[in-house]
Every structure is written in structure tokens, then in C-alpha cells.
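Visitor: 3D, please:
(2 chains)
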Amino acid sequence: MSEEKKYRKVRIKKGPKGWGGPLVIEPKPGRDLIYSVTGGGIHPLAAKIAELTGGRPFDGFKSKADFHEIAVAVIDCGGTARVGVYPMKKVPTVDIYPTSPSGPLMRFITEDIFVSGVRIDDLEVID
Amino acid sequence: MVKYEARVVAIGPLVGEFTQAGILVLFRQGAPEEVADFSILHDGQDLHAPVAAGDQLWLGDESFRILAVGEVANTNLAALGHLVLKFNGQTAPELPGDVCVEARPLPAVSVGLTMKVVG
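Guide: From the prediction side, this is the model:
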């Protein structure tokens, strides 16, 4: 049985009232974590991104990972802190809430690294 | 009643980024390091009742009236011990995670400080 992992690209667009993106996420060997930094364990949106891309769902509150291992971070941020922390670290970031750049770290939040208001319907496999 | 109670256990090295803007970011201990760096970490557990405008926030022996609570603030607090306190005097939350309190200088926060929401 082959252990070779097949990854797929997913386009993630903003949801209603969301901001930023679209992002194209393609996990790679060594950079395939779908990093959920959300309340209540791995968020269903992170689980779906993992399923579609072949990436590995990962609970940022349970275990520790290096930024270079993260393909995308999924957050449930209400607008101030996490929205800036992951873009600052150059980690593509998906907020389930429809936030726009704000907070002291807003200078790091740009359309090429951040998208918000995302629902499962906003994910599209593109290869 | 005391709706939420916690004791400060650590202060992230980068909290100044937020305190300069009149914001305290709280997370329950165990938050990922990149988030903890910007946060006041605490040992709070259960949220006994939703935080609401009109409640009092106690930081040590100083109290602040809560003026506005964003629509996801209680979810964040219950799930992650996460609270974004803005000392801006706003009566409508600007962002869904905000908890706005009286516009007064931020209190000094140190390890061991007790925090409470009473309402």
C-alpha cells in the first residue's frame, strides 16, 4: 500500500460580509497542518479543509506546531487578537467570523493572507 | 453573582502591543504560544452566566463598569477563557469579540491578580 500522500488545492473565498482572500491553500509534505485555533476543538471548517486538501487537522490548543508546518490557520476570532497574530507570522488565516482588518496588529492583515466570514460553501477544490 | 473568576498566571512578553491601544487580551492558560505572547493568561474555568452590559469587571480591587458586550464575546470566554477588554467607554461593541468598559487608564496587571465579572 502506497504511503504517498496526495494533496489538493482548495480556493477559500470570503463569505457574506467577509473580507480578504481568496486564498489558495495547498498543503505540502512538512507543511500540511490545518491548524484550528478555535473553541471546542477542531472546527468543522478546519476539518472540511483538511478533508478536501488531504492536510492534517490539528488542534492548536492541544498540541504545539512550528509555523512552517502550518498550511492554514482557522480561527474564530472576534476581531482583535488572533486576526493579526497569524498573518503577522505569515500564516494564511481563515476567520469563521466576518471580520475586517482591525486591532493593533491590523497592519499585517492583508487580502493575500487573510479571509473571513468563511463557510464550508466557500471552499472549492481547484485541481 | 460572580459570573466568571480567574487569577492571572502569566503575562505575555508582547502584551504592550495591545495595552498601548487600551486593550487587554485574556486567554485561559494553554493557549498556543503565539497567542499567549500577546495575552494575559489566567486559570479561569466555567462561565456561570453570560457577561452583560451593566456588570462590573474587577481587576484586583479596582472595578470597571461593563458597557457593551460583543455577540461572540461570551462564546469565546466560555470556550477559551478568551476576553478582549477595551477600556474605551464605548456603549456599542465595535467588533464581535469586544467587551467595552469605562474609558479609564488600564490597571497594572501582575501575576496573582484576581479578575472577576460580577452581575
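
Visitor: Which single residue of chain B ends up nearest chain A?
Guide: Residue nearest to chain A within chain B (C-beta to the nearest C-beta): B:Gly97, separated by 1.7 Å. Quick note: C-beta positions are derived from backbone N, CA and C, even for glycine.

Visitor: is it true that that residue touches A:Cys77?
Guide: Yes: contact criterion C-beta atoms under 8 Å: B:Gly97 and A:Cys77 qualify, at 6.6 Å.

Visitor: Burial check on the residue of chain B closest to chain A, number of neighbours?
Guide: The number of residues packed near B:Gly97 is 30, by other C-beta atoms under 10 Å in any protein chain shown.

Visitor: distance of it from A:Gly20?
Guide: From B:Gly97 over to A:Gly20 the distance is 17 Å, taken as C-beta to C-beta, to the nearest Å.

Visitor: And B:Pro50, by the same measure?
Guide: Distance from B:Pro50 to A:Gly20, counting by C-beta to C-beta: 30 Å.

Visitor: so what's A:Lys14 up against?
Guide: Each residue near A:Lys14 by C-beta atoms under 8 Å, 6 or more residues apart in numbering or on different chains is listed here: A:20-22, A:98, A:115-118, A:122.

Visitor: Just the ones of these in strands?
Guide: Residues of the contacts of A:Lys14 located in strands (DSSP state E): A:115-116.

Visitor: Give me every residue in chain B that's in contact range of chain A.
Guide: B:17-18, B:20-21, B:23, B:25, B:30-35, B:37-39, B:70, B:72-73, B:75-76, B:78-80, B:82, B:84, B:86, B:94-98 (C-beta under 8 Å from any C-beta of the partner chain).

Visitor: 6 Å instead, please
Guide: For chain B, the residues in contact with chain A (C-beta under 6 Å from any C-beta of the partner chain) are B:17-18, B:21, B:25, B:32, B:34-35, B:38, B:70, B:72, B:76, B:79-80, B:84, B:95-97.

Visitor: Those residues in strands, which ones?
Guide: Filtering the residues of chain B next to chain A for strands - DSSP E - leaves B:25, B:84.

Visitor: Please list only the buried members of the residues of chain B next to chain A.
Guide: Buried subset of these (neighbour count, 16 or more other C-beta atoms under 10 Å in any protein chain shown): B:17-18, B:25, B:32, B:34-35, B:38, B:70, B:72, B:76, B:79-80, B:84, B:95-97.

Visitor: so where does A:Lys90 fall, helix or strand?
Guide: Assigned by DSSP states H and E, A:Lys90 falls within no helix or strand.

Visitor: And for it, the neighbour number?
Guide: Neighbours of A:Lys90 under the rule other C-beta under 10 Å: 12.

Visitor: which residues touch stretch A:70-85?
Guide: A:25, A:27, A:31-38, A:43, A:45-46, A:55, A:86, A:91-96, A:99, A:102-103, A:105, A:108-109, B:25, B:34-35, B:38, B:70, B:72, B:76, B:84, B:95-97 (C-beta atoms under 6 Å, 6 or more residues apart in numbering or on different chains).

Visitor: Right, I'll call it a day here.
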